[in-house]
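Enquirer: Provided below are the primary sequence and the corresponding predicted coordinates.
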Amino acid sequence: MLNIDQSIIYYLGVVIFLILLVLSMKLKKLIIFKIILKTAIGGLIVFALNILLNLFQTAIPLNLITSFLVGVLGIPGLLLIFLIKYIVYPL
């Protein structure tokens with residue numbers, strides 16, 4: 001169970017996060033929104049690529065980190081994921 005002090009800290013953290021989000025949107029600095037959008041697009045790319053890679057019986061794990069890397073870094077991020085995957089789990 002959370003005590004009152006911990007819940008107040010959590011609520012303050014959420015309020016501070018929301019204030020920063022609103023300020024960033026008001027200042028036309030949509031960095032957070034762009035990162036979230038690119039991460040979502042990266043997730044869709046990884047999902048579509050996994051459908052194609054199913055023919056070769058391999059897949060890229062679909063999680064927040066891989067979606068972020070593919071969305072923000074693009075093709076170099078995708079190559080980085082493949083490289084890490086085959087270093088950790090060689091054929």
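Expert: Yes, it's here. Residues are numbered from 1 along each chain as shown.
Enquirer: all contacts plus neighbour counts: C-alpha atoms, from now on.
Expert: Fine.
Enquirer: residue 78: neighbour count?
Expert: Neighbourhood size, residue 78 [other Cα atoms under 10 Å]: 20.
Enquirer: sec struct for it, please.
Expert: helix (DSSP: H, G, I helix; E, B strand; the rest coil).
Enquirer: excluding chain neighbours, what is closest to it?
Expert: residue 70 (5.3 Å; Cα to Cα, 6 or more residues apart in numbering).
Enquirer: got a list of what the one you found touches?
Expert: 39, 42-43, 45-46, 76-78 (Cα atoms under 8 Å, 6 or more residues apart in numbering).
Enquirer: and residue 67, by the same measure?
Expert: Residue 67 neighbours (Cα under 8 Å, 6+ apart): 39-44, 46.
Enquirer: same thing but at 6 Å, please
Expert: Residue 67 makes contact with 39, 42-43 under the criterion Cα atoms under 6 Å, 6 or more residues apart in numbering.
Enquirer: for residue 12, state which of the contacts of residue 70 is nearest.
Expert: residue 39 (26.3 Å; Cα to Cα).
Enquirer: any idea how many residues pack against residue 72?
Expert: 19.
Enquirer: in terms of pLDDT, where does it sit?
Expert: On pLDDT, residue 72 comes in at 92.
Enquirer: how about residue 5?
Expert: For residue 5, the predicted pLDDT is 65.
Enquirer: ok, the one 4 residues further on next?
Expert: For residue 9, the pLDDT comes out at 75.
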